[in-house]
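Peer 1: coords please:
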Amino acid sequence: MITKRIIPCLDVKNGRVVKGVNFLDLSDVSNPVELAKFYSESGADELVFYDIAASVEERTLFTDILTQVASQIFIPLTVGGGIQTLNDFDRVLKCGADKVSVNSGAIRNPSLIGAAAKRYGNQCVVLSVDVKRVDASFHVFAKGGREDTGMDAIEWIRRGVEEGAGEIVLNSIDTDGVKKGFDLEMLAAVCDAVDVPVVASGGAGGKQDFVTLFETLPKVDAGLAASIFHFGQVTIPDLKRTLAQRGIPVRVLK
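Peer 2: This next block holds a predicted model:
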C-alpha cells in the first residue's frame, strides 16, 4: 500500500522562512537551512521550498540558500518560485532539487509544462495551483495569489496534467493559514478530475485535519502544511503515530 506523505513547506522571502494568512500578513519564522535539516531528521517525507516573492518581483529564484538547503536534507525536495523557462528548471535541479514546481510561469506559458516533462520526465514537473472561490467558482490566481486570472481551476489542472505535469499541489487561498481544516470540497473536485498524485495545501490546524483529509479523500496522496509544524503545534513523528493508529499508511521512523 502506498504511504501518505507528510510535507512541510518553507515559504522563503529575503532569505527567511515566513508565514501568513490567506497569503497575506507575512511574519518571520526561521532560518530555512536549519528548519529544513530539522524536518528531514524528524521524519518528513518530502520538503517544499517556495521563493514566494520571485514571481511578483519578476526575478529568478534565489539559488544560494536553495543549495544550502539541499545539502542538509536526505528527502525529496520540490522547489518553486519564479520558474519561467527550461533554463530555470535546469538551474534549480542542479542546485539539488528533485522536482520543480511551476505556477505563474505555466499560466503565462502552458507549453513550459510539456517541454519540461519531455526533457526531465513527468515525475519532475509539479503544477502548483493557487485557487480561490469567486462567485461560487474555483478561480486560478497568479503572482502569489494576488492576481485573479479568471481561469477555471479544474479545467486548468486537467490541462496541466494533459500537458505532462506529474503531480498537482492544490493551494486553497480560502483556507490558507486559517487552521480550520483542508479544503475538502476543492480537493475532491481535483481528485475527480485527474489521475496523478494530488497534494493538499492550506488549512491544517491540527492532527485531526490530516486524519479527516485522508479518511475523507483517500485519493489525496499527501498533506502539506507550514505554520503548525514551524511553531511546534504539531510534530511530524506524533502526527504519523496518530495516522498509523487510525489505519492510514505512513512511513514511520524506526
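Peer 1: leaving out sequence neighbours, find the closest residue to Ala204.
Peer 2: Ala225 (3.9 Å; Cβ to Cβ, 6 or more residues apart in numbering). (Glycine included, C-beta is placed from N, CA and C.)
Peer 1: quick one: contacts for the one you found?
Peer 2: Contacts for Ala225 (Cβ atoms under 8 Å, 6 or more residues apart in numbering) come out as 7-9, 201, 204, 234.
Peer 1: mind checking which of those land in helices?
Peer 2: Applying DSSP state H to the contacts of Ala225, no entry is found in helices.
Peer 1: measure Ile236 to Asp45 for me?
Peer 2: According to Cβ to Cβ, to the nearest Å, Ile236 and Asp45 sit 9 Å apart.
Peer 1: touching both of those two, which residues are there?
Peer 2: Counting by Cβ under 8 Å, 6+ apart, the shared contacts of Ile236 and Asp45 are Ile6.
Peer 1: which other helices and strands contact the helix or strand where Leu187 lies?
Peer 2: Using DSSP states H and E, Leu187 maps to helix 184-193. For helix 184-193, the packing partners by 3 or more Cβ pairs under 8 Å, 6 or more residues apart in numbering; DSSP states H and E come out as helix 153-163, strand 167-172, strand 198-201, helix 207-216.
Peer 1: in TSV, list the ones you listed along with mean pLDDT.
Peer 2: Listed next are these as TSV, based on pLDDT from 0 to 100:
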stretch	mean pLDDT
helix 153-163	98
strand 167-172	97
strand 198-201	98
helix 207-216	98
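Peer 1: among these, which is nearest Val131?
Peer 2: Closest approach to Val131 among those is made by helix 153-163 (4.4 Å; Cβ to Cβ).
Peer 1: mind listing residues that contact the closest one?
Peer 2: With Cβ under 8 Å, 6+ apart as the criterion, helix 153-163 contacts 106-107, 110-111, 113-114, 117, 127, 129, 131, 138-140, 168, 170, 186, 189-190, 193-196.
Peer 1: filter those residues to the buried ones?
Peer 2: 106-107, 110, 113-114, 117, 127, 129, 131, 138-140, 168, 170, 186, 189-190, 194, 196 (16 or more other Cβ atoms under 10 Å).
Peer 1: before we move on, what's the pLDDT of the nearest residue to Gly96 once chain neighbours are set aside?
Peer 2: Sequence neighbours aside, Ala70 is the residue nearest to Gly96 in space, at 2.5 Å (criterion: Cβ to Cβ, 6+ apart). Ala70 carries a pLDDT score of 92 in this model.
Peer 1: doesn't Ala70 belong to a strand?
Peer 2: No: judged by DSSP: H, G, I helix; E, B strand; the rest coil, Ala70 forms no part of a strand; its state is helix.
Peer 1: bridged to the residue nearest to Ala204, which residues?
Peer 2: Per DSSP bridges, the residues bridged to Ala225 are Pro8.
Peer 1: check the gap between it and Leu187 for me.
Peer 2: Using Cβ to Cβ, we find Ala225 at a distance of 14 Å from Leu187.
Peer 1: just Asp130 next, same as before
Peer 2: 14 Å.
Peer 1: and what of Phe210?
Peer 2: Taking Cβ to Cβ as the measure, Phe210 falls 13 Å from Leu187.
Peer 1: which SSE is Gly223 in?
Peer 2: Gly223 is located in strand 222-225, with elements delineated by DSSP H and E.
Peer 1: can you give me the buried ones in that strand?
Peer 2: Buried positions in strand 222-225, judged by neighbour count with 16+ other Cβ under 10 Å: 222-225.
Peer 1: need the three-state assignment for Tyr50.
Peer 2: With three-state DSSP as the basis, Tyr50 sits in strand.
Peer 1: dump the residue contacts of Val79.
Peer 2: Residues in contact with Val79 (Cβ under 8 Å, 6+ apart) are 48-50, 61, 66, 92, 95, 97, 99-101.
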